[in-house]
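Asker: Coordinates only, no sequence provided:
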């Protein structure tokens, strides 16, 4: 890459196909987009097809200031798509194209060099559904520097997950983010015996010494952050929900931003809670919210100016 990026979204980039049309999406790509909106330099490490859909995604990223140096092109597999349909008032259902280009992400040297210098990497579970991409993702994680913040956004999309992938991913991470429904799924998968969110988060921290923070998004009920030393819960922010796609990714981007800015956990969580609600009030996973975010950051930076974490 021509320059070092602070944050890399590692995994899927695809088209979200709604009843009203298609929009760019893919959880790691969404996180990178929102991190860029917050002021970080970000890139998406992914793979798209050599066709018009892939060209359009690359053009979109460039138009938003995101580097496409880590977007691989695949002549054998098509650019990913997902059909999104309303499952309930505040939840969506997803049907993914099988054998998409991002399933075949390769450990190209440019990608391996980039992850060595990144300040933060966000990855998820869906991007690991095929052995090729799963191997590449974990190869990349092993190459990161000691001070690189590794964030695992659990982001379960049935049937594309397995217990061993999830445990391996948690073990490689500094922060794990999941939603309240995913707590229930993992509690059952891990035979934990309870889906109490605080207890489950504490158990993850106890079982994985390298893990520092577990965040749980709760939709209209707000969010939760748990470390070995503290538990912070914030209430939901009432909004008129347009769709929930991308709201959790905005939350994750804000947690990353706050950490890299050395904000306190409470400040980071407050920004994440507000940012997630803001995205839920807009259509699509990547709404442009630059002006709104500038106001949020300024307000929070002032409110929490005496609670920055010491270097």
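Answerer: Perfect, I can see it now. It should be emphasised that the depicted structure is a prediction, and the values quoted were computed from it without experimental measurement. Residues are numbered from 1 along each chain as shown.
Asker: Let me see the ranges of the strands in the chain.
Answerer: Using DSSP state E, the strands of the chain run over 7-10, 14-18, 21-25, 42-49, 71-74, 80-88, 91-96, 120-124, 149-153, 175-179, 213-217, 223-226, 231-234.
Asker: Could you export the ones you listed as CSV, including distance to residue 247?
Answerer: Every residue, glycine included, has its C-beta placed from N, CA and C. Below are these laid out as CSV (distance: least, CB to CB, whole Å):
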stretch, distance to residue 247
strand 7-10, 16
strand 14-18, 13
strand 21-25, 12
strand 42-49, 18
strand 71-74, 24
strand 80-88, 13
strand 91-96, 11
strand 120-124, 15
strand 149-153, 12
strand 175-179, 10
strand 213-217, 8
strand 223-226, 11
strand 231-234, 14
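Asker: Pick the most deeply packed of those strands.
Answerer: Counting by mean count of other CB atoms under 10 Å, strand 7-10 has the highest mean neighbour count of these, with a mean of 31.
Asker: Return the list of strands paired to that one, each annotated with direction.
Answerer: Sheet pairing of strand 7-10 (DSSP bridges) gives strand 42-49 (parallel), strand 120-124 (parallel).
Asker: Redo these as CSV? Include distance to residue 69.
Answerer: Below are the strands paired with strand 7-10 laid out as CSV (distance: least, CB to CB, whole Å):
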stretch, distance to residue 69
strand 42-49, 7
strand 120-124, 15
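Asker: Would you tell me which of the strands of the chain gets closest to residue 32?
Answerer: Among these, the nearest to residue 32 by CB to CB is strand 7-10 (3.3 Å).
Asker: any residues touching the closest one, and which ones?
Answerer: The contact list for strand 7-10, computed with CB atoms under 8 Å, 6 or more residues apart in numbering, reads 27-33, 35, 40-46, 70, 114-115, 118-123, 127, 137, 140, 253, 256, 260.
Asker: Mind checking the strands paired with strand 7-10 for the one nearest to residue 249?
Answerer: Per CB to CB, nearest to residue 249 of the strands paired with strand 7-10: strand 120-124, 8.6 Å.
Asker: Run through who's touching the closest one.
Answerer: If you take CB under 8 Å, 6+ apart as the criterion, strand 120-124 is touched by 6-12, 27-28, 31-32, 35, 40, 115, 137, 140-141, 144, 148-155, 169, 252-253, 256, 259-260.
Asker: which stretches of this protein aren't confidently modelled?
Answerer: For the chain, residues meeting the criterion pLDDT under 70 lie at 1-3, 87-92, 301-311.
Asker: how about the helices in it?
Answerer: 27-38, 52-63, 109-117, 131-142, 163-171, 180-189, 197-207, 247-260, 265-280, 290-303 (DSSP state H).
Asker: Out of these, which one sits most buried?
Answerer: Of the helices of the chain, helix 27-38 is the most buried (mean count of other CB under 10 Å), at a mean of 30.
Asker: Does anything pack onto that helix? Which helices or strands?
Answerer: Counting contacts by 3 or more CB pairs under 8 Å, 6 or more residues apart in numbering; DSSP states H and E, helix 27-38 is packed against strand 7-10, strand 42-49, strand 120-124, strand 149-153, helix 247-260, helix 265-280, helix 290-303.
Asker: Of all these, which one comes closest to residue 194?
Answerer: strand 149-153 (21.5 Å).
Asker: Can you name the residues in contact with the closest one?
Answerer: 27-28, 31, 119-124, 141, 144, 169-170, 172-178, 248-249, 252, 255-256, 259-260.
Asker: Now tabulate the helices and strands packed on helix 27-38 in TSV and tack on distance to residue 231.
Answerer: Formatted as TSV, those follow (distance: least, CB to CB, whole Å):
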stretch	distance to residue 231
strand 7-10	26
strand 42-49	30
strand 120-124	23
strand 149-153	19
helix 247-260	16
helix 265-280	10
helix 290-303	20
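Asker: of these, which approaches residue 238 most closely?
Answerer: helix 265-280 (8.2 Å).
Asker: Give me the helices and strands touching that closest one, please.
Answerer: helix 27-38, strand 213-217, strand 223-226, strand 231-234, helix 247-260, helix 290-303.
Asker: Run me through the strand neighbours of the third one, direction for each.
Answerer: It stands for strand 223-226. Here, using DSSP bridges, strand 223-226 pairs with strand 213-217 (antiparallel), strand 231-234 (antiparallel).
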